[in-house]
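Chemist: Build me a model from this:
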Amino acid sequence: MSDKLIFLIMYCGGGLVFSAISLPLLFRKIPPNNWYGFRVQATLKDPKVWYAANEYMARRLLFVGIITAAAALVGYFVPDLGVVPYFVGCTLVMLVSLYANLVQGMNFLRQR
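Modeler: Numbers count the residues shown, from 1 in each chain. Purely as a prediction, here's the structure:
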């Protein structure tokens, strides 16, 4: 199995995991806890804030999962794209998306 195929499986799998873990939060099925969700002081103190913030963040995490998997799929089929640029590109897409998600979540809490 080629390195590029391993990275394809890894990033598509990671994208699916991000998407899957976002769904219970999106549908407000996870109560405030110390293990799973957007856990900051403001969300842990108030269940109303917890559910609103986690739904907001889950929508974005679902997008992160989709875009990570899509970037991995598209990059895999780009002719002559080497393994290192493919890996770096997929990693950047994932990390930048996760960082943007975090910034948007913090801005959401400031506006409440």
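Chemist: which residues sit in contact with residue 7?
Modeler: Taking Cβ atoms under 8 Å, 6 or more residues apart in numbering, we find residue 7 in contact with 72, 76, 83, 86, 87, 90. Backbone N, C-alpha and C define where each C-beta goes, glycine included.
Chemist: Just flag the most distant two among those.
Modeler: Spanning the widest gap among the contacts of residue 7 are 72 and 83, at 12.7 Å by Cβ to Cβ.
Chemist: For the residue of the chain most remote from its centre, grab phi and psi.
Modeler: For the chain, the largest distance from the centre (Cα atoms, centre = their mean) belongs to residue 80, which lies 28.0 Å off. Torsion angles at residue 80 (phi, psi; degrees, to the nearest 10) stand at phi 60, psi 20.
Chemist: distance of it from residue 3?
Modeler: Applying Cβ to Cβ, to the nearest Å, the value for residue 80 to residue 3 is 15 Å.
Chemist: cool, residue 61 as well?
Modeler: Following Cβ to Cβ, the distance that separates residue 61 from residue 3 is 27 Å.
Chemist: Regarding this protein, what is its longest helix?
Modeler: In the chain, taking DSSP state H as the definition, the longest helix is helix 47-76.
Chemist: where does the protein have its least confident helix or strand?
Modeler: Between all helices and strands in the chain, the lowest mean by mean pLDDT, DSSP states H and E belongs to helix 41-45, at a mean of 95.
Chemist: May I see the buried residues of the helix or strand harbouring residue 89?
Modeler: Per DSSP states H and E: residue 89 is located in helix 83-110. Residues of helix 83-110 classed as buried: 86, 87, 89, 90, 93, 94, 97, 101, 105, 108, 109 (neighbour count, 16 or more other Cβ atoms under 10 Å).
Chemist: hmm, which two among those residues are most spread apart?
Modeler: Most distant of the buried residues of helix 83-110, by Cβ to Cβ, are 86 and 109, 35.5 Å apart.
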